[in-house]
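Participant: have a look at this prediction, sequence included:
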Amino acid sequence: MIKYQPMLPLEFAQPVTEHPVDNYRQELVSLLSGDFDFHDEASDYATHNFHSFPAKFPPQLPHKIIYALTSPGEIVLDPMSGSGTTVVEAFLADRRAIGFDIDPLALRLVKAKVTPLDAGQIADMASCLLGQTRQKIKESDRQKYLQKFYQQIDEGTRSFINYWFSAETQLELAILLQEIWKIESDDLRIFFELAFSSIIITKSGGVSLAFDLAHTRPHRAKVIKSTTGDILWQADNIEQISAKRVAVLTKTLRSPLAEFEKRLEQNIAGLVQSQRGQYRPFITGGNAQTMPLPDDSIDLIVTSPPYASNAIDYMRAHKFSLAWLGYPIDDLGQLRKEYIGGEAITDFEFTEMPRFSKKIVQQVSAKDEKKGRVLHRYYSEMHRTLQEMYRVLKPGKAAIVVVGSSTLRGVDTETHNCLADIGEAIGFEVPKIGIRLLDRNRRMMPAGMKVNHDSQIQQRMHEEYLIGFYKPG
């Protein structure tokens with residue numbers, strides 16, 4: 001089990017002069033009755049575009065909520081911060097932001113997004129780092145750098161890397177990473193490590209031999225070509241695959257160094273665009289079910305929990321870069337079991353469900369007992385999470401939980417209604433559930449715009465819901 005930091009920085013314990021929103025509950029209802037689609041608005045400003053991350057909501061969503069329901073200096077929490085969209089928006093809005101997450105890559109990403117850095121200093125360091133890496137790639141005995149990296153990882157991690165990365169790519173990545181690790185400042189090193197990770201986990205291609213990492217559904221290329229177009233490898237059963245399919249599953253290697261340089265330019269531009277708030281966010285590893293926060297201390301929660309039954313398996317993709325960044329592949333597999341929405345049900349502590357949620361679980365169980373228990377696990381985890389959210393929220397304040405429903409064995413999980421049901425049993429009021437239509441081309445979900453209920457991939461949502469949980473004053 002992960003060990004979590006128990007204390008907040010002193011400035012988060014200091015009271016601020018509050019400017020309460022008039023008729024807060026009414027304002028919450030009015031807010032969630034509005035438009036949250038944002039389909040025509042750019043979402044790649046500031047540091048929001050640092051790294052690919054599945055199922056991010058647009059930054060305009062927390063931005064709108066934060067400005068409507070809080071004042072400068074008040075505390076905004078995201079207990080499952082993911083890519084950090086809420087934390088970044090709270091930071092830019094001059095609120096005191098807190099973010100917890102269990103995912104190591106998510107934590108690195110959020111910290112990089114909200115750490116004030118000098119773009120000029122980063123650019124100078126990047127120039128030096130790229131120059132040193134190029135020089136070492138040209139050395140006749142450059143393989144020594146790859147061997148040095150191999151000595152730092154275990155056999156399982158090395159097997160994983162050998163399967164998913166070509167020898168040519170491994171060499172460049174190993175040299176580049178060892179140059180990054182020479183950076184003494186944690187803040188600066190994390191910035192460069194995130195750029196390194198982002199050339200592996202991308203929306204289009206990346207430097208591994210995998211496709212579809214951004215959607216957390218990685219599958220290996222059937223044909224691999226060098227940067228000059230020569231075939232380096234092809235699957236044994238290539239003759240049995242249609243030419244059209246082979247073309248789709250052919251991957252041409254990219255130079256990691258060239259991709260890294262392009263990513264650095266983009267991320268440095270994001271730093272230049274950012275207007276920082278005065279309160280540096282508090283970001284740490286933490287489980288949303290047991291948060292190290294005082295009772296009645298939070299002014300607003302905006303979060304989007306994972307989906308039930310590993311509908312989006314974050315670790316399945318994130319391990320591609322975490323394996324390079326010092327995390328043994330077997331340890332990552334164990335950590336994955338702790339994620340909310342996982343499928344492991346042995347030795348799990350289930351909670352009693354209220355009537356409506358129990359009915360949905362029973363409907364799934366009637367079709368597939370194991371899937372029913374997996375769904376029961378998810379709602380048990382979310383029950384404990386909502387209890388914690390209720391505990392830490394100040395009376396008269398709200399938590400906005402953004403969720404999508406899914407289908408298990410043909411049964412709609414009705415996630416929004418079940419969570420509302422659970423929240424009300426805990427003590428929340430749910431005066432309004434807003435609806436947001438998804439722009440699937442930008443939300444990075446693994447299906448198209450046309451609904452096809454016969455497709456397993458389409459067992460994802462085309463709309464999502466903003467549940468307004470209000471803690472009575």
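Facilitator: Right, received. Where do you want to start?
Participant: where does the chain dip in pLDDT?
Facilitator: Counting by pLDDT under 70, the ranges of the chain that qualify are 1-22, 204, 214-216, 272-276, 309-311, 439-461.
Participant: outline the domain layout of it.
Facilitator: Domain ranges of the chain: 27-103+281-316+328-470, 119-268, per automatic domain parsing.
Participant: most packed of these?
Facilitator: Compared across the domains of the chain, domain 27-103+281-316+328-470 shows the largest average neighbour count, a mean of 19 (mean count of other CB atoms under 10 Å). All C-beta atoms are positioned from the backbone trio N, CA, C, and that covers glycine.
Participant: okay, how far is it across it, tip to tip?
Facilitator: Counting by CA to CA, to the nearest Å, you get 11 Å between the two ends of domain 27-103+281-316+328-470.
Participant: next one: stretch 298-317
Facilitator: Taking CA to CA, stretch 298-317 runs 32 Å from one end to the other.
Participant: same thing with stretch 23-41?
Facilitator: Using CA to CA, the two ends of stretch 23-41 sit 30 Å apart.
Participant: send me the host helix or strand of Gln387 as PDB with only the CA atoms.
Facilitator: Assigned by DSSP states H and E, Gln387 falls within helix 369-392. Coordinates of the C-alpha atoms in helix 369-392 are reproduced here as PDB (Å, rounded to 0.1, in the frame of the first residue of the first chain):
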ATOM      1  CA  GLU A 369     -21.800 -12.700 -11.400                       C
ATOM      2  CA  LYS A 370     -18.200 -11.600 -11.600                       C
ATOM      3  CA  LYS A 371     -19.000  -8.400 -13.500                       C
ATOM      4  CA  GLY A 372     -21.600  -7.700 -10.900                       C
ATOM      5  CA  ARG A 373     -19.000  -8.000  -8.100                       C
ATOM      6  CA  VAL A 374     -16.600  -5.800 -10.100                       C
ATOM      7  CA  LEU A 375     -19.400  -3.100 -10.300                       C
ATOM      8  CA  HIS A 376     -20.100  -3.600  -6.600                       C
ATOM      9  CA  ARG A 377     -16.400  -3.000  -6.000                       C
ATOM     10  CA  TYR A 378     -16.500   0.300  -8.000                       C
ATOM     11  CA  TYR A 379     -19.600   1.600  -6.100                       C
ATOM     12  CA  SER A 380     -18.000   0.500  -2.800                       C
ATOM     13  CA  GLU A 381     -14.900   2.500  -3.600                       C
ATOM     14  CA  MET A 382     -16.900   5.500  -4.700                       C
ATOM     15  CA  HIS A 383     -19.000   5.200  -1.600                       C
ATOM     16  CA  ARG A 384     -15.900   5.600   0.500                       C
ATOM     17  CA  THR A 385     -14.700   8.400  -1.800                       C
ATOM     18  CA  LEU A 386     -17.900  10.400  -1.500                       C
ATOM     19  CA  GLN A 387     -17.800   9.900   2.300                       C
ATOM     20  CA  GLU A 388     -14.400  11.500   2.400                       C
ATOM     21  CA  MET A 389     -15.600  14.300   0.100                       C
ATOM     22  CA  TYR A 390     -18.500  15.000   2.400                       C
ATOM     23  CA  ARG A 391     -16.200  15.000   5.500                       C
ATOM     24  CA  VAL A 392     -13.700  17.500   4.100                       C
END
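Participant: ok now the very next helix or strand once past it, how far from the chain's centre?
Facilitator: Moving toward the C-terminus from helix 369-392, the next helix or strand (DSSP H and E) is strand 393-403. With CA atoms, centre = their mean, to the nearest Å as the basis, strand 393-403 stands 21 Å off its chain's centre.
Participant: quick revisit: who are the packing partners of the helix holding Gln387?
Facilitator: strand 298-303, helix 355-367, strand 393-403, strand 407-408, helix 415-426, strand 463-470 (3 or more CB pairs under 8 Å, 6 or more residues apart in numbering; DSSP states H and E).
Participant: spatially central, which residue of the chain would that be?
Facilitator: Closest to where the C-alpha atoms of the chain average out (CA atoms, centre = their mean) is Gly82, at 3.5 Å.
Participant: from what I can see that one touches Pro62, true?
Facilitator: No: counting by CB atoms under 8 Å, Pro62 is not a contact partner of Gly82; they are 11.5 Å apart.
Participant: before we move on, back to that, please produce TSV containing the domains of the chain, extended by distance to Leu322.
Facilitator: Below are these laid out as TSV (distance: least, CB to CB, whole Å):
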stretch	distance to Leu322
domain 27-103+281-316+328-470	6
domain 119-268	8
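Participant: mind listing residues that contact the host helix or strand of Phe260?
Facilitator: Phe260 is located in helix 256-273, with elements delineated by DSSP H and E. Outside helix 256-273, the residues within contact range by CB atoms under 8 Å, 6 or more residues apart in numbering are 45-50, 117, 119, 122-123, 126, 130, 133-134, 137, 169, 172-173, 176, 191-192, 194-196, 198-199, 206-207.
Participant: of the residues you listed, which belong to strands?
Facilitator: Among these, DSSP state E puts none in strands.
Participant: that older thread, now the residue nearest to the centre of the chain. Nearest residue, chain neighbours left out?
Facilitator: Nearest non-adjacent residue to Gly82, counting by CB to CB, 6 or more residues apart in numbering: Ala106, 5.4 Å away.
Participant: other SSEs contacting the host helix or strand of that neighbour?
Facilitator: In this assignment (DSSP H and E), Ala106 forms part of helix 104-114. With contacts taken as 3+ CB pairs under 8 Å, 6+ apart, helix 104-114 sits against helix 85-92, strand 96-101, helix 186-198, strand 282-285, helix 314-322.
Participant: at 10 Å instead, please
Facilitator: Packing partners of helix 104-114 (3 or more CB pairs under 10 Å, 6 or more residues apart in numbering; DSSP states H and E): helix 85-92, strand 96-101, helix 186-198, helix 256-273, strand 282-285, helix 314-322, helix 329-336.
Participant: so where do the helices sit in the stretch 151-300 of the chain?
Facilitator: 155-164, 167-180, 186-198, 243-248, 256-273 (DSSP state H, counting those that start in this stretch).
Participant: do you know which of those lies nearest Ala97?
Facilitator: Evaluated over the helices of the stretch 151-300 of the chain, closeness to Ala97 peaks at helix 186-198, with 16.8 Å, by CB to CB.
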